[in-house]
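Participant: here are the coordinates; sequence isn't available:
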């Protein structure tokens, strides 16, 4: 159940985005040139991120299934509003291939997505910061690592074999509290629902991918708890491929046979746990600069439209993107 603050934030999210939709959209398009010039004044970090999310390096033609920027589908959804926030600055007739929802493979044509598989040939999947209200939560954690319960916790839907394998591996460990609060879960897998603040009472929080990325990874890494997880296989705007084992999180074996040993190790070496937590917190802070987030988002979409041959690039902006 969402907290009152979370519910209020959700209401504000929709009110703000609905208001943007009713404002004459020509006002946004009129500001594109100045917005692009502002974005190009950003530093190398922003440019690197633009080319990380949009790895396209060749021209292409949108597919027959592409939709105009002014007619993005799923009106009223968070995917719609998060893409429209930046698409509204461009001509409404420009075409976009997109795949909303959980993307488990690389699109055959260059397309805007929320997530993509972590692999070398994933360039057709152009990441935008979609469904961000759900995925990008960085709540304040008032408990220090030392003041938390010396146990690991996990809650989630048993929607893939990895999650069932994890619960099977740790169900008898006294240092683990793991299970699913879903009514559909078998009785021997079921555990009571825990709120996010209740999760944060534990020193160790496990992150497991579901249909694609693990939604809880962002808020775990922003907390004072230590993240335990297998290496990620999908990535979003959070750039999970750049999250490093033993630097930002503690890696787990595929069969989860090492969970108890990992917890015991960090109970004996709390300073090392704190080192990883500090690095994870620093990683999360790169997403808190709203000016940079805005610039990266606009330029990712701009690069898509330029390479699709639909707009002629501004020489200075394009020089900034290409380095």
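Facilitator: Ah, there it is. Model, not experiment: these values are computed from the prediction.
Participant: so what are the domain limits for this structure?
Facilitator: Per automatic domain parsing, the structural domains of the chain span 4-135+290-322, 145-285.
Participant: in the chain, what residue spans correspond to strands?
Facilitator: 67-68, 95-96, 98-99, 111-113, 116-117, 125-127, 149-155, 176-179, 202-206, 226-229, 234-235, 250-251 (DSSP state E).
Participant: would JSON lines of the domains of the chain with mean neighbour count and mean pLDDT be doable?
Facilitator: For every residue, glycine as well, the C-beta is placed using N, CA and C. Shown next, in JSON lines, are those (neighbours: other CB atoms under 10 Å; pLDDT from 0 to 100):
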{"stretch": "domain 4-135+290-322", "mean neighbour count": "17", "mean pLDDT": "94"}
{"stretch": "domain 145-285", "mean neighbour count": "18", "mean pLDDT": "97"}
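Participant: all helices for this protein, in order.
Facilitator: Applying DSSP state H to the chain gives helices spanning 4-22, 26-30, 32-40, 44-53, 78-87, 132-135, 161-170, 196-199, 217-221, 259-268, 270-285, 290-307, 315-322.
Participant: of all those, which one is nearest residue 147?
Facilitator: Of all these, helix 270-285 sits nearest to residue 147, with 11.5 Å by CB to CB.
Participant: in terms of secondary structure, what does that closest one contact?
Facilitator: Packing partners of helix 270-285 (3 or more CB pairs under 8 Å, 6 or more residues apart in numbering; DSSP states H and E): helix 217-221, strand 226-229.
Participant: okay, these in JSON lines with distance to residue 194 next?
Facilitator: Putting these into JSON lines (distance: least, CB to CB, whole Å) gives the following:
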{"stretch": "helix 217-221", "distance to residue 194": "13"}
{"stretch": "strand 226-229", "distance to residue 194": "16"}
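Participant: figure out which of those is closest to residue 258.
Facilitator: That would be strand 226-229 among the helices and strands packed on helix 270-285, by CB to CB, at 9.5 Å.
Participant: give me the contact list for that closest one.
Facilitator: Among residues not part of strand 226-229, those counted as contacts by CB atoms under 8 Å, 6 or more residues apart in numbering are 145, 152, 203-208, 214, 217, 220-221, 248-252, 259, 262-263, 266, 273, 276-277, 280.
Participant: figure out which of the strands of the chain is closest to residue 140.
Facilitator: Among these, the nearest to residue 140 by CB to CB is strand 202-206 (15.7 Å).
Participant: what's the angle from that closest one to helix 270-285?
Facilitator: Per axes from the mean of the first three to the mean of the last three CA atoms, to 10 degrees, the angle that strand 202-206 makes with helix 270-285 is 60 degrees.
Participant: strand 202-206 pairs with which strands?
Facilitator: Taking DSSP bridges as the criterion, strand 202-206 forms sheet pairs with strand 149-155 (parallel), strand 226-229 (parallel).
Participant: starting at the chain centroid, how far to the longest one?
Facilitator: Just to be clear, that refers to strand 149-155. Strand 149-155 has its C-alpha centroid displaced from the chain centroid by 23 Å (CA atoms, centre = their mean, to the nearest Å).
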